[in-house]
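A.B. asks: need coordinates for the below:
(one chain, ligands or ions: 1)
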Amino acid sequence: MKIVMAIIKPFKLEEVRDALTGIGVHGLTVTEVKGYGRQKGHTEIYRGAEYAVSFLPKLKIEVAVPSDQVAKVIDAITTSAKTGQIGDGKIFVYAIDQAVRIRTGETDADAL
Ligand SMILES: Nc1ncnc2c1ncn2[C@@H]1O[C@H](COP(=O)(O)OP(=O)(O)OP(=O)(O)O)[C@@H](O)[C@H]1O
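C.D. replies: Numbering: from 1, shown residues only. So this is what the prediction gives:
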């Protein structure tokens, strides 16, 4: 199993969620975060205004999926979160050892 973690522009959340639902992803976690990428010192448009970038609001999305679904999830996020402008975000993938559904005690792929 893997966690696919994506940092996206906040206004892209609905599109990304719809794309993930469309490929059968049943759950995700969203966290409000702040960050910057390589454009630091340049500018980025946020809610119609141009900002000199230090830390900009972003959303962090985390999806736990079986390893064989990672490529599909990355593709769905990339396609739905992309504007083509700077600051579109990044995707990081890392391994997880275990998953448990608290209500039933199911584990690993059955718990996702
Ligand atoms: N190396 C990194 N490590 C951790 N988080 C990062 C890293 N790079 C970017 N991020 C996070 O991703 C967000 C979006 O990154 P961003 O798209 O601005 O990266 P970039 O490399 O400048 O790409 P672009 O050229 O598309 O602007 C940042 O605000 C930050 O939260």
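A.B. asks: tell me which residues in the helix ranked longest in the chain are buried?
C.D. replies: In the chain, assigned by DSSP state H, the helix with the most residues is helix 70-81. Of all the residues in helix 70-81, those buried under the rule 16 or more other Cβ atoms under 10 Å are 70, 73, 74, 76, 77, 80, 81. The C-beta positions use only the backbone N, C-alpha and C, and glycine is treated the same way.
A.B. asks: what's the pLDDT at the last one?
C.D. replies: What that stands for is residue 81. As predicted, residue 81 sits at a pLDDT of 98.
A.B. asks: is it true that it touches residue 10?
C.D. replies: No - with contacts counted by Cβ atoms under 8 Å, residue 81 stays clear of residue 10, the gap being 10.6 Å.
A.B. asks: next secondary structure after the helix or strand of the chain with the lowest mean pLDDT?
C.D. replies: Every helix and strand in the chain was compared by mean pLDDT, DSSP states H and E; the lowest is strand 49-52, with a mean of 67. Toward the C-terminus, strand 49-52 is succeeded by strand 56-65 as the next helix or strand (DSSP states H and E).
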